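Colleague: can you look at this prediction? I've put the sequence above it.
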Protein chains: 2
Amino acid sequence: MPNFHFSVLHKYCCDLLTASGVAPDCAQAVADVLIDADLSGISSHGVSRLSIYMQRLNAGLVSRENNIKVIKEGPSSVVIDAGNTLGAPSAKFAMEMCIKKAKETGCCFATVRGSNHFGATAYYTKMAAEQDMIGFACTNLTGKIAPFGSSQPFMGTNPISVAAPSNDKPVVLDMTPSVVALGKLILAQKLGQSIPEGWALDPDGNPTTDPAQGRKGSLIPIGGPKGSGMAIVVDILSGILSGSGYGPHLHDLYEMDAPQGVGHFMGAIDISHFIDVDSFKSSLSTMISEIKGLKKVKGVQEILMPGELELNRKQQNTEKGIDLPDQVYQELLDLGNPYGLSL
Amino acid sequence: MPNFHFSVLHKYCCDLLTASGVAPDCAQAVADVLIDADLSGISSHGVSRLSIYMQRLNAGLVSRENNIKVIKEGPSSVVIDAGNTLGAPSAKFAMEMCIKKAKETGCCFATVRGSNHFGATAYYTKMAAEQDMIGFACTNLTGKIAPFGSSQPFMGTNPISVAAPSNDKPVVLDMTPSVVALGKLILAQKLGQSIPEGWALDPDGNPTTDPAQGRKGSLIPIGGPKGSGMAIVVDILSGILSGSGYGPHLHDLYEMDAPQGVGHFMGAIDISHFIDVDSFKSSLSTMISEIKGLKKVKGVQEILMPGELELNRKQQNTEKGIDLPDQVYQELLDLGNPYGLSL
């Protein structure tokens, strides 16, 4: 498996996107977000997505320009129309504005409409945590989860992230309201394996262990009505409050039929407006050591805080480089070939 | 089972609390919150709590005064010290301030420290929804959930609520990050019943069907690390950002050892700063009818939106009155007796 220093992969991302005509600032933002995911060991949200991004750009389904426009702003609110710009630059811009305004007023939230797949949600909340703020972010996606009581998928696996800084690593929650991501069903089907009961329902709403039936049906939300309600709330914030679409009205990243039309909702809460920042960080560090010192379940070596595994991996991979699966490496080479780029 | 018009119960609540020396505005707020829960059919959070509230007041564990102080405020932030005032007045005051400030700036969040049990979380987010805002609220409680990987309870069943207005009823999510509330284990134990696997772990962190073992152990969070992470986030927002305590450092409502010391975190996002309010409400109403029109799981009569059951019950009980279980009725009579009050 070839291994690359993150800066090499980052440059290749930027070069490839700009060579294909993407605005340099947009290319940079996409590279930032994808490389952070690869560094964090979330390869599903890393450079492996470049291939579908390029396909959509080449098909004219995503704009190569930076069309991001602030439609309206107040002291603690920002309304952004991404104008079908790539997701990462739109979402980064939104969080940057929230951080700036939260410094003045205490908090700020932004909606983004007409956007695209923005990568790992945690990237944006970590931006806030690095500025001594609490970050919140969510996005909607095409419908894969059935509302509680229904057997028809409607809400996407709408991810939610919250991050808060401590004296050491931040706490970074990044979760979907479904028990598992769709990718786990796709993988099981590819490998001819069955899936545990509790992951998915068949098209009639019955539990299934057949990944193919699950993909035709729906993903099960965590906690029944709770996860279902969380997915609905994300659709209200990212889809309705932003003026984007929601649920089944959105378009899938992997179906080349139309712009995705997804929306984002994010914000920053400036800790210093509420409590002394050092005292906040010290208390959170104390809480973390208390939790890590609790009695472990048999077989558990270490109690991990939300996001800790990914932050540890990022630290390691920043030094030892990112391992690229052969298939992803070949994909990147094939993508660069028409532009005379090589990795 | 005796039945009372809500206004009769509300007046009795107020009279009882003020007769015992509670400041009239605090008594009013507690009555508002408890009666709303009874109207909504959540009797666990209704007037059945008056007995423990009165015990704590009489034991000097909760202040009878309104000690609520704004410690610090910015354009979109409020820091409140409840000074051990009753939870409902402290939380109502916080949400009122958030609503006022959000009108000006787009959004506002408040922390409350040194507070007490505040009743049903949905009460406060519904306040925002009634003002054409999106409401958010959470509170921390004593530790009953073990962090993922541990067998020792640390975080409380920290509830989270979000509410948003439509043209008809609002959507009101109000959930704990545990699979079930502790009350279900207490009830099962009382009735000598076993509990389903998946509700609780024994003190060694193994799944248990014995409610007594579950009470000694911990409640299982929804979605494993997801619900565990959500409970931690609520403790960070309500406990650390507010300057209150968190997890095992808080005190239980039913243990008469010390003030609870819980914290709240809540806020309002003013829809009009983001999108035309009528357009938001219409879109949400459309989404609701789309969801309610989806194919139902076998045996399901109607797909219910988050909070819909409670809002329907409130509509019904406002007309037909609140049924009080004999035991709760007797409790209320006993509480009023020393003050010459009768129901």
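Modeller: Perfect, thanks for sending it.

Colleague: ok, residue A:46 - contacts?
Modeller: A:34-35, A:37-38, A:322 (Cβ atoms under 8 Å, 6 or more residues apart in numbering or on different chains). (Glycine included, C-beta is placed from N, CA and C.)

Colleague: which non-adjacent residue is nearest it?
Modeller: Closest residue to residue A:46 apart from its sequence neighbours, by Cβ to Cβ, 6 or more residues apart in numbering or on different chains: residue A:38 at 3.4 Å.

Colleague: quick one: name whatever helix or strand follows the helix or strand hosting the one you found.
Modeller: Assigned by DSSP states H and E, residue A:38 belongs to helix A:24-39. Note on helix A:24-39: by DSSP H and E, the next helix or strand toward the C-terminus is helix A:50-58.

Colleague: who are the packing partners of that following helix?
Modeller: Where contact means 3 or more Cβ pairs under 8 Å, 6 or more residues apart in numbering or on different chains; DSSP states H and E, helix A:50-58 is packed against helix A:6-19, helix A:326-336.

Colleague: what residues does the last one touch?
Modeller: Yep, that's helix A:326-336 we're talking about. A:1-2, A:12, A:15-16, A:19, A:43, A:47-48, A:50-51, A:54, A:324, A:342-343.

Colleague: just to revisit the earlier point, touching, the residue nearest to residue A:46 and residue A:322? I think so.
Modeller: Yes - if you go by Cβ atoms under 8 Å, residue A:38 and residue A:322 touch, sitting 4.8 Å apart.

Colleague: what pairs with the residue nearest to residue A:237 when sequence neighbours are not counted across the strands?
Modeller: Nearest residue to residue A:237, sequence neighbours excluded (Cβ to Cβ, 6+ apart): residue A:265, at 3.9 Å. Bridge pairing for residue A:265 (DSSP bridges) gives the partners residue A:111, residue A:138.

Colleague: residue A:265 and residue A:109: what is the separation?
Modeller: 7 Å (Cβ to Cβ, to the nearest Å).

Colleague: same check, this time on residue A:103
Modeller: On the measure of Cβ to Cβ, residue A:103 and residue A:109 end up 14 Å apart.

Colleague: again with residue A:210
Modeller: 41 Å.

Colleague: cool, and residue A:158?
Modeller: Where residue A:109 is concerned, residue A:158 sits at a distance of 17 Å (Cβ to Cβ).

Colleague: take the worst-scoring helix or strand of chain A on mean pLDDT, keep the C-alpha atoms, and write them as CSV.
Modeller: Here the helix or strand of chain A ranked lowest by mean pLDDT, DSSP states H and E is helix A:182-190, holding a mean of 84. Extracted in CSV, the C-alpha atoms of helix A:182-190 (Å, rounded to 0.1, in the frame of the first residue of the first chain):
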residue,chain,number,x,y,z
LEU,A,182,-25.0,3.0,4.4
GLY,A,183,-21.4,2.1,3.5
LYS,A,184,-21.5,-0.9,5.9
LEU,A,185,-24.4,-2.4,4.0
ILE,A,186,-22.6,-1.8,0.6
LEU,A,187,-19.5,-3.5,2.0
ALA,A,188,-21.4,-6.5,3.4
GLN,A,189,-23.2,-7.0,0.1
LYS,A,190,-19.9,-6.8,-1.8
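
Colleague: tell me the buried residues in that helix?
Modeller: A:182, A:184-185, A:188-189 (16 or more other Cβ atoms under 10 Å in any protein chain shown).

Colleague: for it, packing partners?
Modeller: helix A:211-216.

Colleague: name the surrounding residues that touch the following helix or strand past the helix it packs on.
Modeller: Downstream of helix A:211-216, the next assigned helix or strand under DSSP H and E is strand A:218-219. Strand A:218-219 is contacted from outside by A:144-146, A:151-153, A:157, A:178-180, A:182, A:185, A:199-201, A:205, using Cβ under 8 Å, 6+ apart.

Colleague: average pLDDT across strand A:218-219?
Modeller: Mean pLDDT, computed over strand A:218-219, is 95.

Colleague: give me the mean pLDDT for the biggest helix by length in chain A.
Modeller: Assignment by DSSP state H gives helix A:87-105 as the longest helix of chain A. Per-residue pLDDT over helix A:87-105 has a mean of 98.

Colleague: next one: stretch A:324-335
Modeller: 94.

Colleague: re earlier: which strands and helices lie in contact with the longest helix of chain A?
Modeller: Of the remaining helices and strands, those touching helix A:87-105 by 3+ Cβ pairs under 8 Å, 6+ apart are helix A:24-39, strand A:69-74, strand A:77-81, strand A:107-115, helix A:122-130, strand A:133-139, strand A:262-270.

Colleague: so what's the gap between the longest one and the chain middle?
Modeller: In this case it means helix A:24-39. Mean-position distance between helix A:24-39 and its chain equals 12 Å (Cα atoms, centre = their mean, to the nearest Å).

Colleague: one step back: buried among the contacts of helix A:326-336? Need that as a selection in ChimeraX.
Modeller: In ChimeraX, this line selects whichever of the contacts of helix A:326-336 come out buried by 16+ other Cβ under 10 Å:
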select /A:12,15,16,43,47,48,50,54,324,343
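
Colleague: mind listing the strands for the stretch 151-300 of chain A?
Modeller: A:160-164, A:171-175, A:200-201, A:207-208, A:218-219, A:262-270 (DSSP state E, counting those that start in this stretch).

Colleague: I'd like to know which elements the third one is packed against.
Modeller: Where contact means 3+ Cβ pairs under 8 Å, 6+ apart, strand A:200-201 is packed against strand A:207-208, helix A:211-216, strand A:218-219.

Colleague: pairing partners for it, with directions?
Modeller: Assessed with DSSP bridges, strand A:200-201 is paired to strand A:207-208 (antiparallel), strand A:218-219 (antiparallel).

Colleague: thinking again about what came up before, tell me what the helix holding residue A:38 is packed against?
Modeller: Using 3+ Cβ pairs under 8 Å, 6+ apart: helix A:24-39 touches helix A:6-19, helix A:87-105, helix A:122-130, helix A:308-320, strand A:322-323.

Colleague: go again using 6 Å as the cut-off
Modeller: helix A:6-19, helix A:87-105 (3 or more Cβ pairs under 6 Å, 6 or more residues apart in numbering or on different chains; DSSP states H and E).
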